[in-house]
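In: I would like to see how this sequence folds:
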Amino acid sequence: MAMSKVVSMAEAIGTYVEDGMTVCLEGFSHLISFAAAHEIIRQQRQNLTLCRMTPDIVSDQLVAAGCVTKLVASFFASGSAGSLHELRRRIEHHDPVALEVEEYSHYGMVCRYQAGAARLPFFPLRSYAGSDLPRLNPRIRLVDDPYGEGTVYVVPPLNPDVTIVHAQRADRHGNVQIWGISGVQQEAVYAAGKAIVVVEEIVDDEVVRSDPSRTLIPSHAVDAVVVCPRGAHPSYVQGYYDRDCAFYRRWTAISKDSALLQAWLKEWIHGTANHDEYLDKLGGDYWNDLAVEPRFSEPVDYGSRK
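Out: As a prediction, the model looks like this:
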């Protein structure tokens, strides 16, 4: 029988995230593992290359904490709620130090993960025609079409040392089920050398087997499973809690003031031993406005041989 892959957050980060690594932390508005990012900050990892299709608040926090020296990403915004002022300070003013950035389009990042997952040497795409990005990023290249006339842009594969994603649930072996916006979690996991999946809950094997189509990440691709309820806050988890839009709006003022941002990190991350203490600090009543009502899908009959 397969062994359990369930470990604590501290153990997962301590085992699989080392200084100098390339770390993918994916989740597209939905299912962003802030709890994992906070543990990276608590363990004071340094010199990381962070890969995110959409660098939002979690990127601002990791950069401000001194964990990240290079960002590989697209669409720099705080979840459409404002600017990421720590990133702006680093990029625009090199304050306190410069942040190296390798920028792609959203689809360019998707193609990089797809190439990485399939172990392809590159991935072709059309979306850079008329864009300045190929001029700014020499890794986006224009090549001859080997099957016809003309040219096509290509991007290189992305193979992180470790990918961290969030999901609704998994069994103890690491069969991971996701519903709602899935982003590129599956591709990012297959592209990586190691994979950590953070989930809201562990369920029995029979629950996963009862609805196999929701298993987007199978156990053979997963190295560690961390159970961390509400670990995606302030992003959301479909069916569990809503997006904390008020926090996203507050972040603009926090990140705009460097001293205020450092004070926030000290109080809410370094000042808490783990995510449970972070939740205790928020308080139980905090979740009243983020609660969601049940909305079940229609049952699916998979059938079974008689």
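In: tell me the helices in the stretch 1-150 of the chain, going along the chain?
Out: 9-16, 34-42, 57-64, 85-93, 106-118, 133-136 (DSSP state H, counting those that start in this stretch).
In: I'd like the ones you listed written out as a markdown table, with distance to Ala263 added.
Out: In short, each C-beta sits where N, CA and C put it, glycine included. Compiled in a markdown table, the helices of the stretch 1-150 of the chain are given as follows (distance: least, Cβ to Cβ, whole Å):
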| stretch | distance to Ala263 |
| --- | --- |
| helix 9-16 | 24 |
| helix 34-42 | 14 |
| helix 57-64 | 11 |
| helix 85-93 | 13 |
| helix 106-118 | 32 |
| helix 133-136 | 34 |
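In: Those: which one's closest to Pro212?
Out: helix 106-118 (20.3 Å; Cβ to Cβ).
In: Now do the closest one: everything it contacts.
Out: Residues outside helix 106-118 that contact it (Cβ atoms under 8 Å, 6 or more residues apart in numbering): 24, 51, 53-54, 72-75, 104, 120-125, 127-128, 133, 140, 155-160, 184, 186-192.
In: List only buried entries from these.
Out: Buried by 16 or more other Cβ atoms under 10 Å: 24, 51, 53-54, 72-74, 104, 122-123, 125, 128, 140, 155-160, 184, 186-192, out of the contacts of helix 106-118.
In: Just the ones of the contacts of helix 106-118 in strands?
Out: Using DSSP state E, the subset of the contacts of helix 106-118 located in strands is Cys24, Cys51, Val72, Ala73, Phe123, Pro124, Leu125, Val155.
In: Tell me the one of the residues you listed nearest Ser59?
Out: Ala73 (7.1 Å).
In: just for the stretch 201-306 of the chain, where's the confidence low?
Out: Applying pLDDT under 70 to the stretch 201-306 of the chain flags no residue at all.
In: run the last query once more with 90
Out: 304, 306 (pLDDT under 90).
In: hmm, back to that, what about the helices of the stretch 1-150 of the chain, which gets the closest to Val237?
Out: Short answer: helix 34-42, nearest of the helices of the stretch 1-150 of the chain by Cβ to Cβ, at 11.2 Å.
In: mind saving the C-alpha coords of that closest one as PDB?
Out: This file holds the C-alpha atoms of helix 34-42, laid out as PDB (Å, rounded to 0.1, in the frame of the first residue of the first chain):
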ATOM      1  CA  PHE A  34      -0.200  32.400   0.800                       C
ATOM      2  CA  ALA A  35       0.400  30.100   3.800                       C
ATOM      3  CA  ALA A  36       3.200  28.400   1.900                       C
ATOM      4  CA  ALA A  37       4.700  31.700   1.000                       C
ATOM      5  CA  HIS A  38       4.500  32.900   4.600                       C
ATOM      6  CA  GLU A  39       6.300  29.800   5.700                       C
ATOM      7  CA  ILE A  40       9.100  30.500   3.200                       C
ATOM      8  CA  ILE A  41       9.400  33.900   4.700                       C
ATOM      9  CA  ARG A  42       9.500  32.500   8.300                       C
END
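In: From the contact counts, what lies against that helix?
Out: Counting contacts by 3 or more Cβ pairs under 8 Å, 6 or more residues apart in numbering; DSSP states H and E, helix 34-42 is packed against helix 9-16, strand 22-25, helix 57-64, strand 194-202, helix 275-282.
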